[in-house]
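Peer 1: Give me the fold of what follows.
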Amino acid sequence: DVVAMASVEVGVVDVQRRSVLPRDEAEREMAAAVGRLSNRDRSALRRVSPKNLCAALLGDNARVAPLVANLAVLPAARRGGLGRDVLDACAATAGAWGFDELFLEVEAANAPAAALYDALGYQELWRSSRPALAV
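Peer 2: Below you'll find the model as predicted:
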């Protein structure tokens, strides 16, 4: 049985707006930026690292970063260190991808998750007014 899970994905962080761009918005902005380039400039991007590609296309206020999405532990399995282990695995995955940071989003009302992240040394960078998605 699965008792805990999370996913790690690479997303676009807008440092100036202090937000993680929703995937569809990031894709639109990246596609539009590529569309404005000449063939020569597009060809030159093939030699740019993924970390630097975002800044090359969207400017210095945007960067590519690993994001933890949907960390979940079944209630019966909580408070035993499993959430910490899953988050450590996410950080190891981000490190294997060449990143030395890991972003995550947590709903303000999720106090147990916020306490876990705080205990693990994660720092709050900003609060978003963007509502959580309804399922």
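Peer 1: And what about residue 2, helix, strand or coil?
Peer 2: Put simply, residue 2 is coil when judged by DSSP: H, G, I helix; E, B strand; the rest coil.
Peer 1: got a pLDDT number for it?
Peer 2: With respect to pLDDT, residue 2 has a value of 84.
Peer 1: Tell me how many other residues surround residue 71.
Peer 2: 19 (other C-beta atoms under 10 Å). Glycine gets a C-beta too; all of them are placed from N, C-alpha and C.
Peer 1: oh, I was asking about residue 65
Peer 2: Neighbours of residue 65 under the rule other C-beta under 10 Å: 19.
Peer 1: Please point out which parts of the helix or strand encompassing it sit buried.
Peer 2: Residue 65 is part of strand 62-73, with elements assigned from DSSP states H and E. By neighbour count with 16 or more other C-beta atoms under 10 Å, strand 62-73 contains the buried residues 62-68, 71, 73.
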